[in-house]
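1. just the structure for this:
(one chain, ligands or ions: 1)
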Amino acid sequence: MQRINPQPAIQGLKGFLSFEGTEGSGKSTQVKLLSAYLKNKGYNVLTTEEPGGTKIGLKIREILLAPENSMNPLTELLLYSTSRAQHVREVIYPALMQGIIVATDRFTDSTIAYQGYGRGIDLSVIKTLNDIVAPDLKPFISFLLDIDVQEGLTRNIGAQKKDRLELETIEFHNRVRKGYLELAKEESGRIKIIDASKSPDKVSKKVIEILETAWL
Ligand code: TMP
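-> Numbers count the residues shown, from 1 in each chain. This is a model prediction of the structure:
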């Protein structure tokens, strides 16, 4: 029988980092800045994203984000989870097992915030699914780039971004932000809130400061 679970027992590895936040919070810029900083210090770093990160994941990303696809919330949840199942097994676990630092633009907290708080799917269902899809795998630190929802969406309009999720109502995005903040309260050791309204440079300094303290 084929194993569906990847290598066990790598929980607690310090090299798995995630960036989380609502639309326009600047995650992808911060992933790049942190990666450049760490590479400069001689670390081996892999940057990746969800949904995506693999060939299959990128195809799923297209389906998920195409504005013309009207989608049932359960279909949405399962597609994000499907992309993650492949991503974890094909990319994340193998890299971590080789001692490579993995910095991902979104991970399981996104599903709790968007499909849980945003869409209203039972959080226990999402947590169970997250545990199946990514067993024993939690980021060592998750940087939550927090920004006023309207401010973030306006930034993205400037960048000409308009995917299916971004087209959701302001109420939806506010629920997502609230969800993230709740999660950060529940897991304050792992999820670190950073004020993302500041300049990319200032945000990056904060990210590095938090990481270096956590790695001590
Ligand atoms: P991105 O634009 O940050 O790359 O993310 C794509 C969108 O997918 C973004 O609106 C957040 C959403 N998303 C979820 O709704 N659930 C998830 O589990 C993930 C990973 C992303």
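2. contacts only, for Ser83.
-> 50-54, 56-57, 60-61, 64 (CB atoms under 8 Å, 6 or more residues apart in numbering). To be clear about C-beta, it is placed using only N, CA and C from the backbone, and glycine gets the same treatment.
3. what comes up buried for the strand or helix carrying it?
-> Taking DSSP states H and E as the definition, Ser83 sits inside helix 73-87. By 16 or more other CB atoms under 10 Å, the buried positions in helix 73-87 come out as 76-77, 79-87.
4. quick check: next helix or strand after that helix?
-> With DSSP H and E, the next secondary element past helix 73-87 is helix 93-97.
5. who are the packing partners of that following helix?
-> Using 3 or more CB pairs under 8 Å, 6 or more residues apart in numbering; DSSP states H and E as the contact criterion, no helix or strand is in contact with helix 93-97.
6. same question for the helix or strand following it, mean pLDDT?
-> The C-terminal neighbour of helix 93-97 among helices and strands, as given by DSSP H and E, is strand 101-105. Strand 101-105 comes out with an average pLDDT of 97.
7. now for the helix or strand that strand 101-105 is followed by, which elements pack on it?
-> Note on strand 101-105: by DSSP H and E, the next helix or strand toward the C-terminus is helix 108-111. For helix 108-111, the packing partners by 3+ CB pairs under 8 Å, 6+ apart come out as strand 16-21, helix 73-87, helix 123-133.
8. hmm, try it at 6 Å
-> Applying 3 or more CB pairs under 6 Å, 6 or more residues apart in numbering; DSSP states H and E, one finds that helix 108-111 contacts no other helix or strand.
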